[in-house]
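# Could you look at this predicted model? Sequence included:
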Amino acid sequence: MAEQKFFFESFQDSETIKSYLESLLKGIAQKKIILRTDGEDITMYPNGLLKLTIKAKRKSNKNRLNIKISWTDEHSKVVSSNNTLDIQS
């Protein structure tokens, strides 16, 4: 399969970001995520074990939160981690 890439970047208010994240959660639950913008689109099928990576950084008045979710489409052997994460608001 040829490589497909999708990129979207913009400034949004927190309610719009919340809506995007809720749509991603729904897509993960339904095992189908469709992303579209300006004629670009990609469909992904999150299934099986997904790898979650969260990075946070604060320096002076700049903040960054990176959330990465990855998986393989093939049935490969995945080693599960017993690490837990607590997220509070």
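Noted; the coordinates are in hand.
# Give the residue spans of the chain that score low on pLDDT.
Across the chain, the ranges flagged by pLDDT under 70 are 1, 75-82, 87-89.
# Could you list which residues are in contact with the most far-flung residue of the chain relative to its centre?
Distance from the C-alpha centroid of the chain peaks at residue 60, with 26.4 Å (CA atoms, centre = their mean). Residue 60 is in contact with no residue at all, counting by CB atoms under 8 Å, 6 or more residues apart in numbering. The C-beta positions use only the backbone N, C-alpha and C, and glycine is treated the same way.
# Now it. Its backbone dihedrals?
phi 60, psi -120 (degrees, to the nearest 10).
# repeat for residue 38
Dihedral pair for residue 38: phi 40, psi 50, per degrees, to the nearest 10.
# same thing with residue 24?
Torsion angles, degrees, to the nearest 10, at residue 24: phi -60, psi -40.
# in this protein, which spans are strands?
Taking DSSP state E, the strands of the chain run over residues 33-37, 40-44, 51-59, 62-70.
# Quickly note the distance from residue 18 to residue 52.
19 Å (CB to CB, to the nearest Å).
# residues touching the closest residue in space to residue 28 that isn't next to it in sequence, list them.
Leaving aside its sequence neighbours, residue 28 sits nearest to residue 46 (CB to CB, 6 or more residues apart in numbering; 5.2 Å). If you count contacts by CB under 8 Å, 6+ apart, residue 46 has them with 27, 28, 31, 33, 69, 71.
# The third one: what's it in contact with?
Translated: residue 31. Contacts of residue 31 by CB under 8 Å, 6+ apart are 45, 46, 47.
# Residue 14: which of those residues is nearest?
Nearest to residue 14 among these: residue 46, at 24.5 Å, using CB to CB.
# returning to what we had before: what would the contacts of residue 31 look like in JSON lines with distance to residue 10?
Shown next, in JSON lines, are these (distance: CB to CB, whole Å):
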{"residue": "45", "distance to residue 10": "26"}
{"residue": "46", "distance to residue 10": "23"}
{"residue": "47", "distance to residue 10": "29"}
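# Between these, which sits nearest residue 83?
Taking those together and measuring to residue 83 by CB to CB, the closest member is residue 46, at 19.7 Å.
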